[in-house]
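Asks: sequence and predicted structure, then a few things I'm wondering about:
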Amino acid sequence: MRLLYRIFVWIYPKAAWLLSFYNPKAKLWVNGRKQQFRKLSMIFHTNQQPVVWMHCSSLGEFEQGKPVLESIRQQYPQYFILISFFSPSGYEIRKHDTVADYVCYLPMDRPYNASRFLNIVQPSLVFFVKYEFWFYYLDEIRQRNIPLLLVSGIFRPDQAFFKWYGKFYRGMLQKFSHLFLQNKESYALLQQLELSQDYSVAGDTRFDRVLQIAGRFEPLPLIASFCGSHPVIVAGSTWTDDDEALDHFANTYTDIRFIIAPHDIDEDRLKECEHLYQHSIRYSALVAQPDAAMNRNVLIMDNMGMLSKLYHYATIAYIGGGFGDDGIHNALEAAVFGKPVVFGPVYDKYQEAIDLVDTGAAFSIEDALELEEQLKELLSNQTLLKQSGRIAGDYVREQAGATAMILHYIQANRLLTN
């Protein structure tokens, strides 16, 4: 397996380079790593502060890790905070986030890259978030005896760690100083492996993050004006299958306002949405001409970073991704505002989605017909609408606290000092 891993990390950048000629995301991945070590050397050459490094795969993992970093920033302001991303969808949106002193792409996982990266950065404490495991980086961190914590880890029986061929992957887990897990199921799975290092159930830091976002909400007057007094359905992180399931309902019920935030906002995808939604307008066009929304009931978001605020205006939230193999996107961003949540059938990888369905705060649908029936039921039954929304909000608040547990561990073990 180690040989296969080495082949994978050797082939991946070459495949990304070939894709970059016609795939914008691959182009960002390749170009973002050019001159990476030179840039890092320039930043850290004069740095005199001790460094905390957090690595995130993409935007979702960053949202999980951010509450921890904000707490460190507040309690240990003398530390330099570095964030690395693997994916452009995280880096491009958060490269200027103020929680970090510097944000970069992670150089591809190879022995030389890992050694050189750590020689430059010299971190005092390292966090990896959720399920991002890069062997050579983890091994180099362990060899240097740098404390390494996994934040909001979650494990499932179908992962390689629990297969007959999984010895190599299980070895990666042994590199961590402590694994902070999201749920008891993950804890039980790790017990089967008889790991030598510590792990514990802390919960999911995303609950802390969405509560922070909701607490800092600031009104969006243009969005409020578009919504008016109409029922509002906010569909977040949608893919083509989601929009094809929703478009008939949106085109038929023009007295309802729909806000569609596609997962990707390249021009082809936006045009696809405009074709599906007959009475639509892009957000950028609405900004340029606020009265242009006359006779339009669908607002297509063609920017990034607003979705978590948009859910505030929802009567019902629809979460995209549930018709794809990877499953739904972040349902907590809507639930925290006390909104009933609807999504497609693929959600079993996400404990919060399972919990929301089990408690009656969320509803899973199989196709467009079921989606329309569910939306009409919620809109016509105010008791159900309010009850499911209340349960959603209560659930998020009850699950908060993972960040505090991680900070307590850091303090108790003096991993950071004032």
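Replies: Perfect, thanks for sending it. Bear in mind that the values here come from a model prediction, so they are computed numbers and not experimental data. Residues are numbered from 1 along each chain as shown.

Asks: surely residue 207 meets residue 405?
Replies: No. Contact criterion Cβ atoms under 8 Å: residue 207 and residue 405 do not qualify, at 11.9 Å. For the C-beta atoms, the positions are set from N, CA and C on the backbone; glycine is no exception.

Asks: more neighbours, those two?
Replies: Higher neighbour count among residue 207 and residue 405: residue 207, with 26 against 15, using other Cβ atoms under 10 Å.

Asks: report pLDDT for the more buried one.
Replies: As summarised for this prediction, residue 207 has a pLDDT of 95.

Asks: part of a helix, is it?
Replies: Yes. According to DSSP: H, G, I helix; E, B strand; the rest coil, residue 207 belongs to a helix.

Asks: can you tell me how far residue 227 is from residue 397?
Replies: Distance, residue 227 to residue 397, using Cβ to Cβ, to the nearest Å: 25 Å.

Asks: chain center to stretch 212-228, what's the gap?
Replies: 21 Å (Cα atoms, centre = their mean, to the nearest Å).

Asks: same question, stretch 337-350
Replies: With Cα atoms, centre = their mean as the basis, stretch 337-350 stands 15 Å off its chain's centre.

Asks: buried set for that stretch?
Replies: Using 16 or more other Cβ atoms under 10 Å as the test for burial, stretch 337-350 gives 337, 338, 339, 340, 341, 342, 343, 344, 346, 347, 350.

Asks: now do it, average pLDDT.
Replies: Here the average pLDDT along stretch 337-350 is 95.

Asks: just the endpoints, please. Distance across that stretch?
Replies: Using Cα to Cα, to the nearest Å, one end of stretch 337-350 lies 19 Å from the other.

Asks: ditto for stretch 151-164
Replies: Chord length of stretch 151-164, first to last residue, is 26 Å (Cα to Cα).

Asks: buried ones in it?
Replies: Residues of stretch 151-164 classed as buried under the neighbour-count rule (16+ other Cβ under 10 Å) are 151, 152, 153, 154, 155, 161, 162.

Asks: quick one, strands of the stretch 101-250 of the chain?
Replies: 102-105, 123-129, 148-153, 178-181, 198-201, 232-238 (DSSP state E, counting those that start in this stretch).

Asks: output the contacting helices and strands for the fourth one.
Replies: Contact partners of strand 178-181 among helices and strands, from 3 or more Cβ pairs under 8 Å, 6 or more residues apart in numbering; DSSP states H and E: strand 148-153, helix 184-193, strand 198-201, helix 402-412.

Asks: tell me who's in contact with the residue nearest the centre of the chain.
Replies: Note on the chain: the residue nearest the mean C-alpha position is residue 60, at 1.0 Å, using Cα atoms, centre = their mean. Applying Cβ atoms under 8 Å, 6 or more residues apart in numbering, one finds that residue 60 lies in contact with 90, 130, 329, 330.
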